[in-house]
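Chemist: Give me a 3D structure for the following:
(chains A, B, C and D)
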Number of protein chains: 2
Amino acid sequence: MAAYAQMGTDLDTVFAALADPTRRAILSLLLEDDMAVTDVAEPFEISLAAISKHLAILTRAGLISQEKRGRVKWCKLEPDALREASVWMQGFGQFEPVNLDAFERFLANELDGEETT
Amino acid sequence: MAAYAQMGTDLDTVFAALADPTRRAILSLLLEDDMAVTDVAEPFEISLAAISKHLAILTRAGLISQEKRGRVKWCKLEPDALREASVWMQGFGQFEPVNLDAFERFLANELDGEETT
DNA sequence: ATGTCACTCAACCAAATGGTTGAATAAGAC
DNA sequence: GTCTTATTCAACCATTTGGTTGAGTGACAT
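Modeler: Just a heads-up that it's a prediction; the model follows:
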């Protein structure tokens, strides 16, 4: 009987953005360095337009920012946007503080950026 | 030119599950106690069938488990499933270790479970 | 000025999502 | 056995999502 009026918070957009493997891979790329849209797109098999859409979604979620310098648009990781979501998640568990090692293993696994030849 | 063959990892399902406000609210409910499906559904305005679907999604994501005892199916939070995702996220930032206070404020905000009268 | 490079827009498509209702199943209660 | 409670299933619907292609725009190169 309670209201539970659920407005769409930032968490909606952030988690939705993170739910796509391509977008997570993009974030991983940007973890290394800022990149132009074309360069972000290069490792993927999908069209540039599709990547452009993914980047728009990441931007709307605040996970990256895009700045146009000349004719190239630079994409930059904005890790602050994750803080809110991270805080939310940590409330559900007694997770070990950081465990960067596990994260490294994870990236190696998910990125899977080896040449297949 | 690299492959970037992206298999759907657990992260896909976990983040997708977390992207819905109803499902996050369900998790918050279960944070307090294990509950039967009907009781989970009670605070929401949507149909029981809809809640049942949400619970199935949360189960597939491993975020909760469901055990049928008699004719009622008990739902139990499984916070371990969040660990993987939490680790992934923390790799993207220098987030403060836990900050439970911020989380409390968050819950208060998102749950919004007050009677509106 | 003409071309080319970097990127987005628009229209379209198939599949997935979140919801509905009504019937089906399964277990207790009487 | 019959009724009711707990939950899911099935069919359906509207909207969103992730992708495509082809045309459009804006900035640099020659």
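Chemist: quick one: the host helix or strand of A:Leu82 near chain B?
Modeler: Using DSSP states H and E, A:Leu82 sits in helix A:80-90. Yes. Interface with chain B: helix A:80-90 contributes A:Asp80, A:Leu82, A:Arg83, A:Glu84, A:Ala85, A:Ser86, A:Val87, A:Trp88, A:Met89, A:Gln90 (C-beta under 8 Å from any C-beta of the partner chain). Any C-beta I mention is one placed from the backbone N, CA and C, and that applies to glycine too.
Chemist: Tabulate the residues you listed in CSV, adding columns for neighbour count.
Modeler: Output for the residues of helix A:80-90 next to chain B, formatted as CSV (neighbours: other C-beta atoms under 10 Å in any protein chain shown):
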residue, neighbour count
A:Asp80, 13
A:Leu82, 24
A:Arg83, 19
A:Glu84, 17
A:Ala85, 26
A:Ser86, 26
A:Val87, 20
A:Trp88, 26
A:Met89, 25
A:Gln90, 25
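Chemist: Mind checking what secondary structure the spatially closest residue to A:Ile64 that is not a sequence neighbour has?
Modeler: Nearest residue to A:Ile64, sequence neighbours excluded (C-beta to C-beta, 6 or more residues apart in numbering or on different chains): A:Leu58, at 4.6 Å. Put simply, A:Leu58 is helix when judged by DSSP: H, G, I helix; E, B strand; the rest coil.
Chemist: Hmm, A:Leu58 is touching A:Ala25, no?
Modeler: No. Assessed by C-beta atoms under 8 Å, A:Leu58 is found out of contact with A:Ala25, at 11.2 Å.
Chemist: For the two, indicate the residue with more neighbours.
Modeler: For the pair A:Leu58 and A:Ala25, the greater number of neighbours falls to A:Leu58 (27 against 21), based on other C-beta atoms under 10 Å in any protein chain shown.
Chemist: Let me know the distance separating that one from B:Arg60.
Modeler: A:Leu58 is 25 Å from B:Arg60, where distance means C-beta to C-beta, to the nearest Å.
Chemist: A:Lys68: what's it in contact with?
Modeler: Applying C-beta atoms under 8 Å, 6 or more residues apart in numbering or on different chains to A:Lys68 gives the contacts A:Trp74.
Chemist: switch to 10 Å and redo it
Modeler: A:Val37, A:Trp74 (C-beta atoms under 10 Å, 6 or more residues apart in numbering or on different chains).
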